[in-house]
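# fold the stuff below for me.
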Amino acid sequence: MPAAPPPPPPLPSCVKCCPTATTTTTVKKCQLNDATFSQGGWAKEHPDILKACFLARVCERGIPKKCQYRDIRSIIQVGPTCGLTALSMILDGSPSAGELLADAVELKYTLNGEMFSGHNLHKLTNKHLKIGSCQLHEGAINCTNIREHILSGGCLLVAYDAAVNHEPCLKKGRSAHWALILGYLIDTEDEFHVVARHGKTRNLAVWSLAALSESNANLLEFVTPKGYTDCEFLLPDGGIAGPLGLNERCILLHELPQEIIKLH
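Got it, this is the predicted structure:
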């Protein structure tokens, strides 16, 4: 009679914590939780920022030196309305992105919801921002003025090239996307990061300010977005790199009413 097969090896510790875990995906989820919350004492009541740090590989071996951001809820965009959706987040959803779209169409700022003019989005923001104020910044985003604005609790509306995972990248403007900068994080190496929301996910994001600035500065060309080949889009005079476009421009938001969350 053949010998009985040896007993199976013990389960890895990650699977032990989740006895029903039988797939690689589930095991990775356990590892995500363990890694995210092992240093989670600094933000245990705010798992959204912990998740953002984990996904960005920021502060993996230590807690940030400073971190604060405004408590602004996410809104998922419908259609090519990323700029209008980001503005609606600032306004707590009133008016909605759809209502802002109707207004922007009437003002001849857009055709489908696209906002390729920082100048026009600034005017629209100024019209609807009942509490606080806004101004158009021209120049590099990674500068003392912008850092001091964010450090003081200010927010930004900024366009950038979005990679597949929504992080800033360099595609010469071919995947231009608007985001709302809610706050900042300074990591253990003193690198300045921004905390962001945008209309394609409910997750918070943590990005290097230097990478965001470089991405914004490379907004030079317009390409029709995927899925909208039959649509006409409205571009400002001079295109997205012109004086009314997106290149090296952002909108500074002051004195917003949302609570500031200070974590460190």
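# what's residue 181 sitting at in phi/psi?
The phi and psi torsions at residue 181 (degrees, to the nearest 10) take the values phi -90, psi 120.
# got the domain ranges for this protein?
Here the domain assignment for the chain is 15-56, 66-262, based on automatic domain parsing.
# now render these as JSON lines, adding mean pLDDT and mean neighbour count.
(C-beta placed from N, C-alpha, C; glycine too.) Below are the domains of the chain laid out as JSON lines (pLDDT from 0 to 100; neighbours: other Cβ atoms under 10 Å):
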{"stretch": "domain 15-56", "mean pLDDT": "57", "mean neighbour count": "15"}
{"stretch": "domain 66-262", "mean pLDDT": "96", "mean neighbour count": "19"}
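# what are the ranges of the helices in the stretch 1-150 of the chain?
Secondary structure of the stretch 1-150 of the chain by DSSP state H, counting those that start in this stretch: the helices cover 13-17, 24-38, 47-56, 82-90, 97-106, 118-128, 144-151.
# ok, which of those comes nearest residue 205?
For these, proximity to residue 205 was assessed by Cβ to Cβ; helix 47-56 is nearest, at 5.7 Å.
# quick one: list the elements packing against the closest one.
Helices and strands in packing contact with helix 47-56 are listed as helix 24-38, strand 192-197, strand 205-208; criterion 3 or more Cβ pairs under 8 Å, 6 or more residues apart in numbering; DSSP states H and E.
# report the distance from the last one to the chain centre.
To tie it back to what came earlier, the one meant is strand 205-208. Distance of strand 205-208 from its chain centroid, counting by Cα atoms, centre = their mean, to the nearest Å, is 7 Å.
# equivalent analysis for the second one, please.
Relative to its parent chain, strand 192-197 has a centroid offset of 7 Å by Cα atoms, centre = their mean.
# who does it pair up with?
Sheet neighbours of strand 192-197, with direction, are listed as strand 176-186 (antiparallel), strand 205-208 (antiparallel) (DSSP bridges).
# TSV for those, including distance to residue 92?
Conversion of the strands paired with strand 192-197 to TSV gives the following (distance: least, Cβ to Cβ, whole Å):
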stretch	distance to residue 92
strand 176-186	12
strand 205-208	20
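# coming back round to it: can the helices of the stretch 1-150 of the chain go into a markdown table with extra columns for distance to residue 73?
Shown next, in a markdown table, are the helices of the stretch 1-150 of the chain (distance: least, Cβ to Cβ, whole Å):
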| stretch | distance to residue 73 |
| --- | --- |
| helix 13-17 | 31 |
| helix 24-38 | 21 |
| helix 47-56 | 11 |
| helix 82-90 | 7 |
| helix 97-106 | 13 |
| helix 118-128 | 17 |
| helix 144-151 | 19 |
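# which one of these lies nearest to residue 228?
Nearest of the helices of the stretch 1-150 of the chain to residue 228, taken as Cβ to Cβ: helix 82-90 at 12.8 Å.
# now the angle from that closest one to strand 192-197?
With axes from the mean of the first three to the mean of the last three Cα atoms, to 10 degrees defining the directions, helix 82-90 sits at 90 degrees from strand 192-197.
# so which elements touch helix 82-90?
Taking 3+ Cβ pairs under 8 Å, 6+ apart as the contact cut, helix 82-90 packs with helix 97-106, helix 118-128, strand 155-162, strand 176-186.
# mind listing residues that contact it?
Contacting residues not belonging to helix 82-90 are listed as 72-78, 94-97, 100-101, 104, 110, 113-115, 121, 124-125, 128-129, 155, 157, 159, 177-180, 197-200, 253, 256 [Cβ atoms under 8 Å, 6 or more residues apart in numbering].
# now swap in stretch 250-264 and tell me
For stretch 250-264, the external contacting residues (Cβ under 8 Å, 6+ apart) are 42-43, 46, 49, 63-72, 90, 92, 118, 121-122, 125, 129, 131-137, 141, 146, 149, 153-159, 183, 216.
# same thing but 6 Å
Stretch 250-264 is touched from outside by 42-43, 64, 66-72, 122, 125, 131-137, 141, 149, 153-158, with contacts defined as Cβ atoms under 6 Å, 6 or more residues apart in numbering.
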